[in-house]
Every structure is written in structure tokens, then in C-alpha cells.
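Peer 1: next come a sequence and a model predicted from it.
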Amino acid sequence: MGCGGQESVLTNAVESPAGLSGWTPVDEIQVFDAETLYDLVDGQADAFFAYGFEQVAVQSYEGEDGILRLEVWP
């Protein structure tokens with residue numbers, strides 16, 4: 001879904017973030033790029049392209065307090 005180097009940095013950041021003990025990943029990490037960003041931001045991608053968007057990684061976690069959605073935008 002994009003260039004391998006940056007994507008691996010993004011997936012590592014959401015795969016094992018510091019300080020999230022007690023939270024369990026809910027599903028697979030999703031990586032969005034210029035072609036798929038519209039799926040994440042419900043058609044508002046043009047605003048992100050103006051700032052030089054390349055990729056974003058998203059992972060949901062479940063814990064005692066509910067669901068946490070972590071997004072990493074480099």
C-alpha cells in the first residue's frame with residue numbers, strides 16, 4: 001500500500017506503542033495512502049493533500065475502558 005520504508009515505520013508505531021499496557025489490538029493495522037485516504041476521512045482527503053499527505057497507519061485497541069483508535073500521521 002505504499003513505499004515499504006515509511007509504511008514499516010508507521011506500522012511499528014501503531015503495533016507496539018509505549019504506554020498501552022492492558023490494551024489489545026482489535027484487528028489488523030490499516031495503512032492508507034493517497035489512493036485510499038478517501039476511505040478513512042469520508043471524502044475529505046483533498047484537505048490532507050494540501051499539507052503533503054503521504055500515508056497514515058490506523059490500529060484499534062480494546063481495553064477495560066473501551067475502544068481506542070490510534071492513528072499515526074507522519
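Peer 2: Now that the structure is in, tell me what you want to look at. It should be emphasised that the depicted structure is a prediction, and the values quoted were computed from it without experimental measurement. Numbering: from 1, shown residues only.
Peer 1: switch to C-alpha atoms for all contacts and neighbour counts from now on
Peer 2: Noted.
Peer 1: got the buried residues for stretch 51-61?
Peer 2: Within stretch 51-61, the residues that qualify as buried are Phe53, Glu54, Gln55, Val56, Ala57, Val58, Gln59, Ser60, Tyr61, counting by 16 or more other Cα atoms under 10 Å.
Peer 1: settle this for me: the first one is touching Ala34, isn't it.
Peer 2: Yes: taking contacts as Cα atoms under 8 Å, Phe53 lies within contact range of Ala34: 7.3 Å.
Peer 1: tabulate the buried residues of stretch 51-61 in TSV, adding columns for pLDDT.
Peer 2: Shown next, in TSV, are the buried residues of stretch 51-61 (pLDDT from 0 to 100):
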residue	pLDDT
Phe53	91
Glu54	91
Gln55	93
Val56	94
Ala57	93
Val58	94
Gln59	92
Ser60	93
Tyr61	92
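Peer 1: count of neighbours near the nearest residue to Phe49 once chain neighbours are set aside?
Peer 2: In space, and not counting its chain neighbours, Phe49 is closest to Ala34: 7.9 Å by Cα to Cα, 6 or more residues apart in numbering. By the criterion of other Cα atoms under 10 Å, Ala34 has 17 neighbours.
Peer 1: Ala34 contacts Gln55, correct?
Peer 2: Yes: Ala34 is within contact range of Gln55, at 7.0 Å (criterion: Cα under 8 Å).
Peer 1: which elements pack onto whichever strand or helix holds Val31?
Peer 2: If you go by DSSP states H and E, Val31 is part of strand 30-33. Counting contacts by 3 or more Cα pairs under 8 Å, 6 or more residues apart in numbering; DSSP states H and E, strand 30-33 is packed against strand 55-63.
Peer 1: worst-scoring helix or strand of this structure, pLDDT-wise?
Peer 2: Ranking every helix and strand in the chain by mean pLDDT, DSSP states H and E puts helix 4-15 at the bottom, with a mean of 73.
Peer 1: need the nearest residue in space to Ile29, chain neighbours excluded.
Peer 2: Closest residue to Ile29 apart from its sequence neighbours, by Cα to Cα, 6+ apart: Gln59 at 4.9 Å.
Peer 1: ok, now which ones touch that neighbour?
Peer 2: By Cα atoms under 8 Å, 6 or more residues apart in numbering, the residues touching Gln59 are Val14, Glu15, Pro25, Val26, Asp27, Glu28, Ile29, Gln30, Arg69, Leu70, Glu71.
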